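S.K.: got a sequence here, can you build the structure:
(chains A, B, C and D)
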There are 2 protein chains.
Amino acid sequence: MGRQPSAKPTSFDIAYLAGVSQPTVSRALRGSKSVSAATRANIQRIAQELNYTVDKNASSLRSQRTHTLALLFFEDPNPDESMINPFFLSMLGSITRECARRGYDLLISFQQMHNDWHVTYQDSHRSDGIILLGYGDYQLYLTKLEHLVEMGTKFVRWGSVSEDGIGLTVGSDNVGAGEQAGAHLVEIGRRRIAFLGDASDHAPEFQDRYDGLCRAMRAAGLEPDPALQRDAVSSEDSGYAAARSLIESGQNFDAVFAASDLIAIGAMRALAEAGLRLPQDVAIIGFDDIPAASLTSPTLTTLMQDMKGAGALLVDALLARIDGRPVEQRILPARLIRRQSTAV
Amino acid sequence: MGRQPSAKPTSFDIAYLAGVSQPTVSRALRGSKSVSAATRANIQRIAQELNYTVDKNASSLRSQRTHTLALLFFEDPNPDESMINPFFLSMLGSITRECARRGYDLLISFQQMHNDWHVTYQDSHRSDGIILLGYGDYQLYLTKLEHLVEMGTKFVRWGSVSEDGIGLTVGSDNVGAGEQAGAHLVEIGRRRIAFLGDASDHAPEFQDRYDGLCRAMRAAGLEPDPALQRDAVSSEDSGYAAARSLIESGQNFDAVFAASDLIAIGAMRALAEAGLRLPQDVAIIGFDDIPAASLTSPTLTTLMQDMKGAGALLVDALLARIDGRPVEQRILPARLIRRQSTAV
DNA sequence: ATATTATGCGTATACGTATACCCTATGGCG
DNA sequence: CGCCATAGGGTATACGTATACGCATAATAT
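M.R.: Numbers count the residues shown, from 1 in each chain, chains lettered A, B, ... in the order given. From the prediction side, this is the model:
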């Protein structure tokens, strides 16, 4: 008998117990300075005792602020749809934590590229802002981004910062990272360096990495050979196919820079199958430092992005945007992790 | 200058345009049968045109149903906190999709075990139900579960189904999987099989796997040796340490069954460092089939859980629970994936 | 001492939807 | 032809919070 233990207390209950009005409770808990320290303390104590928590729906409805961010994964329409890019998965952790730290909830959506626009649209109403993650075809979602801008939706996306496109972008220094990779390969004496990954404007991040590689080679007096570049999206299968194509072309090469670790892992399989020794015949570098990179044989040299920093920066930038504060584009450095695949 | 393009239309706008009252719009869109087909069609058309979406906050506030599920990761207090168990990460994908398919939003929370109770409590008010995922110390969160039950919160958790504990559990057939592992090792001629993973009631899933192993051994006329069991939590470091301890004890063993792939990977490192050949000297089996399992050297034989099915089942069960429908405990089969680490 | 401002809080109301309740027009039935 | 059931939809209101506004009292200025 008695009341349900789950009968959720409201601000009225607190107000009654504290001998004040409901708005005062609201003010006290939101930190308004027009409530005396004594009253506030008393209210907070009572709220604590009753296990009171502000009703998010009511609060959001009234204030028109949801205190929720949406995280949208844009994926390529993929046959093996259950697989998520491990890089984004690790970023998820840091974004979640960062949101929690600031008292924001995080809503997760996965979306196939070809899906209807209205899903994104809806998400924009369920949250104060959107974080967009996607390695997918860039052109394909440009029009969607324009929609978002048009509607005044606040969003940040992860990607290539160099092309100053639509909205606010946070990303790694892909060009600089590509340079590091190139410089490292040159340093260990490689001259004919292949690149696996789209080098078109469908994938600006990959393009930047390629540009960085070319820059490093030219700085060393080498001319990149376009015949050594092969398109690939970020998957093992695609990397395998790209490497096969390269091998079968009969081109001569002594190093591979793969635009992502997944590509690299697929490529390593193809190279090994072709009887090439790693790294003696072909050195290889990946990108992302996914957990698997330290398990391959040989272990994979790669470029580690600062994912913890990335999550923090994305959330930071988005919140600034939401609050109307000015926000600068920021670029995160990447770090070369040397492992066996480039150890000569 | 006209209205903001982002001025969100309300049900009143639709009502006005359709020449009906606001409640009729609500009824039409929610599928109430007390509105004529013609009226409903008209309302739907107008809503479509205006890009109208129901305001979730208002709707939830009024109906006290959030149409949101919360996903709670319970982690062990971990030094390398940025790492998330890859197994759970893949499950995340399937849960997300399943929620989307049913029109539910998914809210994500990470929570350290030692964190305050009130976080979970809050989550229970932001959502209709909670999905609990955690490999962590089971005893530690039993009291929290009791709290949830007490409050009438709807939840499902992933774990060991055999112990019929608090609330509703969905899980793999850990005993059966352990039996498969044991039978396979026996089949390839192994007699002294070690087990790495907590075999206490702090980790019922691991315990079940161990039980299954023992059962398979006894079925083959072998007696499991308790001296060959070592505690380990699901991390590479822990697996490494457990294997070291086993090696240093001087015990004689020709196979290892690790309670998770992460443990197995750590153990493989320790075994290799000790100069043991895999699988000739020691065969090894993991659990989970994380992506890295096919990349180790030798590649890792493991037990694959049906994660897609798991996500669907978890969401299914929780929704049934929420709607007050009866729901049975269900167990998912696991499948043995044979790779090089047991190929003799 | 009066005018002025700040402090602390109560009153009234809005946020957008869902639902209990009521009303009207129809049709079936005896 | 009167009665009731039903369909279809309107009226009023509740959900729990946040905020514009007003009004005292106290603090400060003149």
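
S.K.: just after the least confident helix or strand in chain A by mean pLDDT, pick out the following helix or strand.
M.R.: When each helix and strand of chain A is scored by mean pLDDT, DSSP states H and E, helix A:117-126 comes last, with a mean of 67. Remark: after helix A:117-126, the chain's next helix or strand is strand A:129-134, criterion DSSP states H and E.

S.K.: which residues of the stretch 201-344 of chain A fall in strands?
M.R.: A:229-230, A:255-258, A:283-285, A:302-305, A:330-332, A:334-337 (DSSP state E, counting those that start in this stretch).

S.K.: residue contacts, whichever residue of the stretch 151-300 of chain A sits closest to DNA strand D?
M.R.: At 17.3 Å from DNA strand D, A:Lys154 is the closest residue in the stretch 151-300 of chain A, using CB to the nearest atom of the strand. For every residue, glycine as well, the C-beta is placed using N, CA and C. Taking CB atoms under 8 Å, 6 or more residues apart in numbering or on different chains, we find A:Lys154 in contact with A:Asp128, A:Gly129, A:Ile130, A:Leu318, A:Arg321, A:Ile322.

S.K.: name the member of the residues you listed with the most neighbours.
M.R.: A:Leu318 (27 neighbours; other CB atoms under 10 Å in any protein chain shown).

S.K.: hmm, A:Phe155 and it touching each other?
M.R.: Yes - look at A:Leu318 against A:Phe155 with CB atoms under 8 Å: they come within range, at 7.1 Å.

S.K.: low-scoring stretches of chain A, by residue?
M.R.: By pLDDT under 70, the low-scoring segments of chain A are A:1-6, A:75-87, A:111-122, A:124, A:135-140, A:162-165.

S.K.: so it: which segments form each domain?
M.R.: A:11-54, A:68-171+A:307-331, A:174-305+A:337-342 (automatic domain parsing).

S.K.: now look at the helix or strand containing A:Ser26 and say if it contacts chain B.
M.R.: Per DSSP H and E: A:Ser26 is located in helix A:22-30. No - using CB under 8 Å from any CB of the partner chain, we find that helix A:22-30 stays clear of chain B, coming within 13.7 Å at best.

S.K.: stretch A:231-242 now?
M.R.: No - using CB under 8 Å from any CB, stretch A:231-242 never reaches chain B; the gap is at least 8.9 Å.

S.K.: what about that stretch, start to end distance?
M.R.: 7 Å (CA to CA, to the nearest Å).

S.K.: and the closest residue to A:Pro298 other than its chain neighbours, what does it touch?
M.R.: Distances taken as CB to CB, 6 or more residues apart in numbering or on different chains put A:Gln340 closest to A:Pro298, at 3.4 Å, once the chain neighbours are dropped. By CB under 8 Å, 6+ apart, the contact list for A:Gln340 reads A:Pro279, A:Pro298, A:Thr299, A:Leu300, A:Thr301.

S.K.: how does it look with 7 Å?
M.R.: A:Pro279, A:Pro298, A:Thr299 (CB atoms under 7 Å, 6 or more residues apart in numbering or on different chains).

S.K.: over to A:Leu145?
M.R.: A:Ile166, A:Gly167.

S.K.: which SSE is it in?
M.R.: Secondary structure from DSSP H and E places A:Leu145 in helix A:138-151.

S.K.: report the inter-axis angle for that helix versus strand A:129-134.
M.R.: Orientation check (axes from the mean of the first three to the mean of the last three CA atoms, to 10 degrees): helix A:138-151 against strand A:129-134 gives 170 degrees.

S.K.: now for A:Leu318 and A:Phe155: what residues contact both?
M.R.: A:Gly129.

S.K.: B:His147 versus the nearest residue to A:Asp13 once chain neighbours are set aside, what's the distance?
M.R.: In space, and not counting its chain neighbours, A:Asp13 is closest to A:Leu50: 6.6 Å by CB to CB, 6+ apart. The gap separating A:Leu50 from B:His147 is 15 Å, by CB to CB, to the nearest Å.

S.K.: so between these two, which is more surrounded?
M.R.: Remark: of A:Leu50 and B:His147, B:His147 carries more neighbours, 17 against 14, as counted by other CB under 10 Å.

S.K.: related to what we said a few turns ago, deepest of the strands of the stretch 201-344 of chain A, which one?
M.R.: Burial of these is given as mean neighbour count (mean count of other CB atoms under 10 Å in any protein chain shown); strand A:255-258 ranks first at a mean of 30.

S.K.: ok, that one: who's next to it in the sheet?
M.R.: Pairing partners of strand A:255-258, with direction, according to DSSP bridges: strand A:193-196 (parallel), strand A:283-285 (parallel).

S.K.: isn't A:Ala220 right up against A:Val186?
M.R.: Yes - if you go by CB atoms under 7 Å, A:Ala220 and A:Val186 touch, sitting 4.5 Å apart.

S.K.: the more surrounded of the two?
M.R.: A:Val186 (19 against 13).

S.K.: shouldn't the more buried one be within a strand?
M.R.: No - assigned with DSSP: H, G, I helix; E, B strand; the rest coil, A:Val186 falls outside any strand and is helix.
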